[in-house]
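[1] Predicted model and sequence below, questions to follow.
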Amino acid sequence: MVESMGRKIDVDELVDPAQVAEILGLTNPNGVSVYQSRYEDFPEPVVSRGRCRLWVEAEIRAWVSGRG
């Protein structure tokens, strides 16, 4: 378990930029940064320390589903 902003998250639910890129259908994990800057409603990483960024997979999948 990881605690982020007062909530506990199972580490098995976390995805890195490469996994986020795969969910988004991108070939390059660097494209995740483009999505972050382009879409205000893109989920924030729950862990962001230096170059380490991790998201909750379900939040990314929900965001993709919501975009149709």
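    In hand now; what should we look at?
[2] Show me the residue at the heart of this structure, geometrically.
    Nearest to the geometric centre of the chain sits Trp55, at 3.3 Å (C-alpha atoms, centre = their mean).
[3] For that residue, give its distance to Lys8.
    16 Å (C-beta to C-beta, to the nearest Å). Just so you know, the C-beta spots here come from the backbone N, C-alpha and C atoms, and that holds for glycine as well.
[4] for Leu26, same thing?
    Taking C-beta to C-beta, one finds Leu26 at 29 Å from Lys8.
[5] More neighbours: those two, which one.
    Neighbour count, other C-beta atoms under 10 Å: between Leu26 and Lys8, Leu26 has more, with 16 against 8.
[6] now that one, nearest residue through space, not along the chain?
    Leaving aside its chain neighbours, Leu26 sits nearest to Val32 (7.1 Å; criterion: C-beta to C-beta, 6 or more residues apart in numbering).
[7] what residues does the lengthiest helix in the chain touch?
    In the chain, with assignment by DSSP state H, the single longest helix is helix 57-66. By C-beta atoms under 8 Å, 6 or more residues apart in numbering, the residues outside helix 57-66 that reach it are Glu13, Leu14, Val15, Gln19, Val20, Ile23, Leu24, Asp41, Phe42, Pro43.
[8] burial of the last one, as a residue count?
    The burial metric for Pro43, expressed as a neighbour count using other C-beta under 10 Å, is 18.
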